[in-house]
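Enquirer: My questions concern the predicted model and sequence given below.
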Amino acid sequence: MSNKNEQPVLELKNVSVGYESVRGTVRAVRDVSLKIYRNEIVGLIGESGSGKSTLSNAIMNLLKNSATLLGGEIIVMGQDVYSLNKRDLRKFRWNKMSMVFQSAMNALNPVLTVEEQIADVFREHRPNMTKKEIHDKAVELMELVSIDPKHLKSYPHELSGGMRQRIVIAIAISLEPDLVIMDEPTTALDVVVQKSILDKIKELQRKKGFAVLFISHDFSLVAELAEKVAIMYAGRLVEVTKAEDLNLSKRHHPYTEGLLRAIPELTAETVKIEGIPGNPPDLINLPTGCAYNPRCKYAMESCKTIHPVEQDLDGRQIACHLYNEDFVTKAVR
Ligand code: SF4
């Protein structure tokens, strides 16, 4: 367990990100605060378009096109990621934080062997290492992710999807960063391979002690891997809870409850499967008050006008008026 008196590996303070589209400003991430400590795996869950990937790109200071950090702070190992110059940021990205993207095929260079790709990282960031040291390190990394080092001579297309993804993970942890962000790293892999990758992530994380932010739209996958889960809806964290508390015997944000009712195998009870009615909101024209109100079966009049603030409920953070009878009034965003 992490010691909450220690410095968080990642601290998000009221982070908001937006980008311009032809229809107006897309408010992709709104007022997100979260801390992740060493040895923690935190799952970030949300439907497509909920802002998960925008948030992960923002943490890496890799926002694309017109996306910009509109407010808040992103601090990794005590360092504000947005106060670094370009050169220092590049070093910081590999040494302190790294990212595993969705598609291993896109992350790996098809015309370089696995060894050349691993060696590139060390040549750039550890210029004093000898060729022999780099080769030994590449062998060690392959063994760490349970791939025969003979595949160092292989090109990406010669390897299976699961092997490629494990190599991407090996490269991401090659410089032993404190934070590894994994953005849907097992999407497109079959269930058995997915399971073996998750086991490998857990094993590596236990060995190396880095913190993981694991992003997925798959609730059951995240609940299995992570100790803490953050649930994102329309760019906001609506609940942050321990994974072990994710069951219908506990009170949750209505969106979390809706997700739980869609995967009854997570609970010990027999529950009728129910989908969440409606669609996620348009991030350009968000509903006033609580963004979830058009889909929420518990919605009250106040939910249409008053923005729910986060509050502590038995150690969980929940942003919902159901748990705050005083309806803490904050300016409607
Ligand atoms: Fe539902 Fe209201 Fe809670 Fe939003 S604030 S989740 S609309 S009950």
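Expert: That came in fine, so what should we check first?
Enquirer: can you count the residues close to Glu124?
Expert: Look at Glu124: counted by other Cβ atoms under 10 Å, it has 12 neighbours. C-beta coordinates here come from the backbone N, C-alpha and C atoms, glycine included.
Enquirer: oh sorry, the question was meant for Cys290
Expert: Neighbours of Cys290 using other Cβ under 10 Å come to 29.
Enquirer: List the contacts of the residue lying closest to it once chain neighbours are set aside.
Expert: Nearest non-adjacent residue to Cys290, counting by Cβ to Cβ, 6 or more residues apart in numbering: Cys303, 4.6 Å away. By Cβ atoms under 8 Å, 6 or more residues apart in numbering, the residues touching Cys303 are 289-290, 293, 296, 321.
Enquirer: restrict those residues to contacts with the ligand.
Expert: Filtering these for proximity to the ligand by Cβ under 6 Å from any ligand atom leaves 290, 293, 296, 321.
Enquirer: Who are the contact partners of the most centrally placed residue in the chain?
Expert: Residue closest to the mean C-alpha point of the chain, counted by Cα atoms, centre = their mean, is Ile215 at 3.2 Å. Contacts for Ile215 were tallied using Cβ under 8 Å, 6+ apart; they are 43-44, 52-53, 56, 181-184.
Enquirer: taking those as a set, which two sit the farthest apart in space?
Expert: Gly43 and Ser53 (14.3 Å; Cβ to Cβ).
Enquirer: Show me which of those two is the more surrounded one.
Expert: With neighbours defined as other Cβ under 10 Å, Gly43 and Ser53 compare such that Gly43 has more, 25 against 20.
Enquirer: isn't the more buried one right next to Lys228, touching?
Expert: Yes - using Cβ atoms under 8 Å, Gly43 is in contact with Lys228, at 7.3 Å.
Enquirer: Can you pull the residues that touch both of the two?
Expert: Residues touching both Gly43 and Lys228 by Cβ under 8 Å, 6+ apart: Ala243.
Enquirer: Within range of the ligand, give me the residues from the stretch 151-300 of the chain.
Expert: 253-254, 290, 292-293, 296, 298-300.
Enquirer: least trustworthy helix or strand in this structure by mean pLDDT?
Expert: For the chain, counting by mean pLDDT, DSSP states H and E, helix 104-107 ranks last in confidence among helices and strands (a mean of 72).
Enquirer: that older thread, the residue nearest to the centre of the chain - that's part of a strand, no?
Expert: Yes - Ile215 forms part of a strand when assessed by DSSP: H, G, I helix; E, B strand; the rest coil.
Enquirer: Any figure for the gap between it and the ligand?
Expert: Distance from Ile215 to the ligand, counting by Cβ to the nearest ligand atom, to the nearest Å: 22 Å.
Enquirer: can you give me the strands for the stretch 101-250 of the chain?
Expert: 179-183, 211-216, 228-233, 236-242 (DSSP state E, counting those that start in this stretch).
Enquirer: can you list the domain ranges for the protein.
Expert: With domains defined by automatic domain parsing, the chain comprises 10-113+172-246, 250-333.
Enquirer: So which of those has the densest surroundings on average?
Expert: Sort the domains of the chain by mean neighbour count, taking mean count of other Cβ atoms under 10 Å, and domain 10-113+172-246 sits at the top with a mean of 19.
Enquirer: Between the two ends of that domain, what distance do you get?
Expert: Using Cα to Cα, to the nearest Å, the end-to-end distance of domain 10-113+172-246 comes out at 23 Å.
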